[in-house]
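1. Sequence first, then the predicted structure:
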Amino acid sequence: MTLKGKTAIVTGSSSGIGKAIALEMARKGANVIVNYRSSEEEALEVLKEVKVLTDGLAIKADVSNEEEMKSLFEETVKKFGRVDIVVANAGLQVDSPFLEMDLKQWQTVIDVNLTGQFIAMNLAARQFMKQEHKMGQARGNIICMSSVHDMIPWAGHVNYAASKGGVSMLMKSVAQELAPKGIRVNAISPGAIKTSINEEAWSNPANLKELNKLIPYKRIGQPIDVAKAAVWLASVESDYVVGETLYVDGGMMLYPEFSDNG
């Protein structure tokens, strides 16, 4: 699979899954925009790795701020002339029991995880429509980052689960509308992936053993597992895949609690 000559924006790519996607797309030849909100030092380190492989930029932008995201797209087009791939990856958790959750905790997660994806997708589609398009090829590719919790309820995380459920229907509805225009929209829903956001769940053997009870494949995922899926969805190898969610979860969606007849 090659992304040579393509330009990819990966939101929230200064660390974790986003970083892995940015680097894997760079390995496949794409110019990569490393987006960050606050961690400039980390973003510049990622960009340094990207530039060993291809070209790129590190651009600060809060995905929930439309004006900042417009500037990100404008800077990208100024540098590379076009945008071909947008991975709406940026996300966060603000966890709380439902009875203790306040409106700010709810809104913060919805603003980034759901509205942030809408903004990135909307700006991407508008940019794709401006660009020269070769018939028989996708005009552009949008990849939404969702979660197994777009299907699995998650007590204590209702804001996060609601945001990811929203991403699922947002992706499908946008895909339905944009497919006739040659724009492919798909999603990736990771399961348990070894990143800092869930370090408590894997950082000691006892917690990891409990986590593995939820994973039929019996290993926690790595960011590269998601990155390889993202590259496939962004490439011509998946050109007939539209409006689909790819679960990268080691089988978590198989509901292992029922493996012994429940």
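-> Received, thanks. Residues are numbered from 1 along each chain as shown.

2. from here on, contacts and neighbour counts on C-alpha atoms
-> Fine.

3. and the longest helix seen in the chain, what other elements does it pack with?
-> If you go by DSSP state H, the chain has its longest helix at helix 158-178. Applying 3 or more CA pairs under 8 Å, 6 or more residues apart in numbering; DSSP states H and E, we find helix 158-178 packed against helix 103-110, strand 140-145, strand 183-190.

4. between the ones you listed, which one is nearest to Ala43?
-> Nearest to Ala43 among those is strand 140-145 (19.1 Å), distances taken as CA to CA.

5. same question for the closest one, mean pLDDT?
-> Taken as a whole, strand 140-145 has a mean pLDDT of 98.

6. Hey, what's the angle from that strand to helix 158-178? Just curious.
-> In terms of direction (axes from the mean of the first three to the mean of the last three CA atoms, to 10 degrees), strand 140-145 departs from helix 158-178 by 160 degrees.

7. and strand 140-145, what does it pack onto?
-> Counting by 3+ CA pairs under 8 Å, 6+ apart, strand 140-145 packs on strand 85-88, helix 116-130, helix 158-178, strand 183-190, helix 223-234.

8. re earlier: compile the helices and strands packed on helix 158-178 into TSV and extend it with columns for distance to Thr76.
-> Shown next, in TSV, are these (distance: least, CA to CA, whole Å):
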stretch	distance to Thr76
helix 103-110	26
strand 140-145	15
strand 183-190	19
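
9. mind giving me a markdown table with those and columns for mean neighbour count and distance to Gly243?
-> Formatted as a markdown table, those follow (neighbours: other CA atoms under 10 Å; distance: least, CA to CA, whole Å):
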| stretch | mean neighbour count | distance to Gly243 |
| --- | --- | --- |
| helix 103-110 | 17 | 22 |
| strand 140-145 | 26 | 10 |
| strand 183-190 | 25 | 5 |
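
10. Quick one, which of those gets closest to Ser14.
-> Ranking the helices and strands packed on helix 158-178 by their distance to Ser14 (criterion: CA to CA) puts strand 140-145 first, at 15.3 Å.

11. How about the contacts made by Ala229?
-> 188, 246, 248 (CA atoms under 8 Å, 6 or more residues apart in numbering).

12. tell me the SS of the second one?
-> Read that as Leu246. strand (DSSP: H, G, I helix; E, B strand; the rest coil).

13. excluding its backbone neighbours, what's nearest it?
-> For Leu246, ignoring the flanking residues on the chain, the nearest one in space by CA to CA, 6 or more residues apart in numbering is Ile188 at 4.8 Å.

14. Kindly report the same for the last one.
-> Once flanking residues are discounted, Val248 sits nearest to Pro190: 4.7 Å by CA to CA, 6+ apart.

15. if I pick the one you found, what's in contact with it?
-> Applying CA under 8 Å, 6+ apart, the residues near Pro190 are 145-148, 226, 247-249.

16. and if we set it to 7 Å?
-> 146-148, 226, 247-249 (CA atoms under 7 Å, 6 or more residues apart in numbering).

17. among those, which two are most distant?
-> Across the contacts of Pro190 (CA to CA), the longest gap, 12.8 Å, separates Val148 and Val226.

18. buried residues in the worst-scoring helix or strand of the chain on mean pLDDT?
-> Counting by mean pLDDT, DSSP states H and E, the chain has its least confident helix or strand at helix 199-202, which shows a mean of 77. The neighbour-count check on helix 199-202 (16 or more other CA atoms under 10 Å) flags 201-202 as buried.

19. Skip ahead from that helix and say which helix or strand is next.
-> On the C-terminal side of helix 199-202, the nearest following helix or strand under DSSP states H and E is helix 205-212.

20. helices and strands around that following helix, which ones?
-> helix 199-202 (3 or more CA pairs under 7 Å, 6 or more residues apart in numbering; DSSP states H and E).

21. gap between the helix it packs on and the chain center?
-> 21 Å (CA atoms, centre = their mean, to the nearest Å).
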